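Student: Mind looking at a prediction? Sequence and model below.
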Amino acid sequence: MQAPSVGGVMLPRGNGEAIRLSRGASLTDFAEKINANPASLVAVMMNLGEMVTATQSVSDETLQLLAGEMNYTVQIVSPEEEDRELLESFDLEFGEDEGSEEDLVVRPPVVTVMGHVDHGKTRLLDAIRKTNVIAGEAGGITQHIGAYQVATEVNEEERKITFIDTPGHEAFTAMRARGARSTDIAILVVAANDGVMPQTVEALNHAQAADVPIVVAVNKIDVEGADPTKVRGQLTEYGLVAEEFGGDTMFVDISAKQGLHIDSLLEAVVLTADASLDLRANPVQDAQGISIESRLDRGRGAVATVLVQRGTLRVGDTMVVGDAYGRVRAMLDDNGNNVAEAGPSTPVQVLGLTNVPGAGDNFIVVEEDRTARQIAEKRAARERNAAFAKRTRRVSLEDLDKVLKAGEVQQLNLIIKGDASGSVEALESSLLQLDVGEEVDIRVLHRGVGAVTESDIDLAMGSDAIVIGFNVRAAGRAAQMAEREGVDVRYYSVIYQAIEEIEAALKGMLKPEYEEVELGTAEIREIFRSSKLGNIAGVLIRSGEVKRNTKARLLRDGKVIAESLNIVGLRRFKDDVTEIREGFEGGINLGNFNDIKVDDVIATYEMREKPRV
């Protein structure tokens, strides 16, 4: 029945019934559900003090407010439920259907290594794989998710184990939680000299919530002060009772650094899998699984690391991963070798997707490219609507202190670009969780993988946003454009620094004594070998000027390869010079650093004192 509502606007009245709407729905979507005129809902919102158009995505709170005025309740459909309904509309499903019993074969266990930061998780995988994973991580902290498969011998039979390496910093809580949900067994790494720490408990909670068996690796038994027995006693309080204490949890004392008892740990994983789990999957159905990590590669495009959970993924298959889709052009294993197919529990890198999917996105193989495109487009539209539902208020980082002092409620807009989707997601999650009171909010306008581009600067210009580059730099003319337009672009290589600086800014405490000033960039055209000086870079100065005895960083494909390098030598033909200006060629010696390649970019800078405000 029709009844007057706010301001005399006539609209349907409900009886408390529930209306299902997706996150980021518009007033038009709401009107269709209750058979009302969208214009009347716009009028109601105006009377409620909200200026909203009929087609604009609105927040969950706004929908709840409007529904309450009309005696309805709103149920916001979760992304997972919406995705399931979307796949069902195409006669597809992502689930546990494994087919008939005859089709099932034994698959390797998928293992997640979890634990407190600096307790040796990456070094453990390092020992297992006999490669140095940790060397490339800024600050020695794992900042990406990787998946690797290894083989071990148990009872004279070769058994494969798939490892998912989840980052250790507390900022990656969401990624660790997702890792626990996609795994069969969790290895909980605890340092024998430190014992149970806060993130140890956090990792343990994730594993127990996912209802997966746990094998405890007591690491650093070779370190002074190590007490493996104490660790066993501490974990008893959290429900993990060692077998020698009458429990059912396997504890293995190891030293990842010395490589001690690694085989015993792998054997414990296999034995736990055999005793507790029925690990079988159907390899003959269309592949389904999860995206572990993804990045943008200059030569190969979007590269996604996926874990096949059931079925077999083959080169040439058409797949949908989140809002990305494409035909599998090539697949690589964790050693970089080409493979033609990947069965259950096998991690592979996939090439051929249209864009970079998110970490944790499900993937599914479909018959036709058209179907894949339609599913991806609907998912992308859903994500856009959810993002647009958040309101934007303009404020810049430099004005933030004044805004706080004026007592105004404002919003800090951020654009986050990084070298991998998992890192970007973790940084965004950490920043959004910063608690500095009610005076200011953070909103991430855009996040993406790859170098900072001119379109990012355009977006920042129109919304007073701060651009954060995490392990990436500005590409092309984006740096000059940002400087010309006054857009604040900040670069970080360790997640702690980004969190601390933004938090300090939000509290009105950001008063740096020094600032980095870019002097010039040089593109490497040729490399000359010198037995006395090492590698000499023959360069063309692209912008600004390069000066001797200044700091530099090396960029490769838009990513930072090395920091804090020194311009030791500078030459023009046979003459030593103190500087080379834009448009001229010359030679640059980076001292002891010789890992340079043609097309690398040397970006020089100096630290200048900035007066306190």
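Tutor: Right, received. Where do you want to start?

Student: And the lengthiest strand in the chain, what does it pack against?
Tutor: Of all the elements of type strand in the chain, the one with the most residues (DSSP state E) is strand 514-530. Helices and strands touching strand 514-530, by 3 or more C-beta pairs under 8 Å, 6 or more residues apart in numbering; DSSP states H and E, are helix 478-485, strand 534-547, strand 585-589, strand 601-609. (C-beta placed from N, C-alpha, C; glycine too.)

Student: Nearest to Val201 among the ones you listed would be which one?
Tutor: Put simply, out of these the one that sits nearest Val201 is strand 601-609, at 40.4 Å, with distance taken as C-beta to C-beta.

Student: So which residues make contact with the closest one?
Tutor: The contact list for strand 601-609, computed with C-beta atoms under 8 Å, 6 or more residues apart in numbering, reads 473, 513-524, 537, 539, 542, 544, 546-547, 550-556, 565, 567, 588, 590.

Student: from the residues you listed, which would you call buried?
Tutor: 473, 518-524, 537, 539, 544, 546-547, 550-556, 565, 567, 588, 590 (16 or more other C-beta atoms under 10 Å).

Student: State the paired neighbours of the longest strand of the chain in the sheet, together with their directions.
Tutor: Each strand that strand 514-530 pairs with, and the sense of that pairing, follows from DSSP bridges: strand 534-547 (antiparallel), strand 601-609 (antiparallel).

Student: buried residues in the shortest one?
Tutor: Right, strand 601-609. Judged by neighbour count (16+ other C-beta under 10 Å), strand 601-609 contains these buried residues: Val601, Ile602, Ala603, Thr604, Tyr605.

Student: Identify the farthest-apart pair in those residues.
Tutor: Taking C-beta to C-beta as the measure, those span a maximum distance of 12.7 Å, between Val601 and Tyr605.

Student: max-length helix in the protein?
Tutor: In the chain, assigned by DSSP state H, the helix with the most residues is helix 369-388.

Student: Grab the nearest non-local neighbour of Leu412.
Tutor: With sequence-adjacent residues excluded and distances taken as C-beta to C-beta, 6 or more residues apart in numbering, Leu412 is closest to Ile442, at 5.1 Å.

Student: Doesn't the one you found lie inside a helix?
Tutor: No: under DSSP: H, G, I helix; E, B strand; the rest coil, Ile442 sits outside any helix and is assigned strand.

Student: Look up the pLDDT of it for me, please.
Tutor: The predicted local distance difference test score for Ile442 is 81.

Student: Find the nearest non-adjacent residue to Thr200, please.
Tutor: Of all residues beyond its chain neighbours, the one nearest Thr200 is His116 (4.6 Å), with distances taken as C-beta to C-beta, 6+ apart.

Student: Pull the contacting residues for that neighbour.
Tutor: Gly168, Val189, Val190, Ala191, Asp194, Met197, Pro198, Gln199, Thr200, Ala203.

Student: Could I get those residues in TSV, plus columns for pLDDT and secondary structure?
Tutor: Compiled in TSV, the contacts of His116 are given as follows (pLDDT from 0 to 100; DSSP: H, G, I helix; E, B strand; the rest coil):
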residue	pLDDT	secondary structure
Gly168	45	coil
Val189	92	strand
Val190	94	strand
Ala191	92	strand
Asp194	88	coil
Met197	87	coil
Pro198	81	helix
Gln199	79	helix
Thr200	86	helix
Ala203	81	helix
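
Student: low-confidence ranges in the stretch 301-450 of the chain?
Tutor: Of all residues in the stretch 301-450 of the chain, those with pLDDT under 70 make up the ranges 386-410, 436-440.

Student: typo on my end, the chain
Tutor: Applying pLDDT under 70 to the predicted model, the residue ranges of the chain that meet it are 1-12, 78-80, 93-99, 130-146, 165-181, 386-410, 436-440, 507-513, 609-613.

Student: Would you state the helices of the stretch 1-150 of the chain in chain order?
Tutor: 27-34, 38-47, 60-69, 79-89, 121-129 (DSSP state H, counting those that start in this stretch).

Student: and what of the stretch 301-450 of the chain?
Tutor: When assigned using DSSP H, counting those that start in this stretch, the helices of the stretch 301-450 of the chain occupy the ranges 369-388, 400-405, 421-432.

Student: so which of the ones you listed gets nearest Ala127?
Tutor: Closest among the helices of the stretch 301-450 of the chain, once you apply C-beta to C-beta, is helix 421-432, at 23.2 Å.
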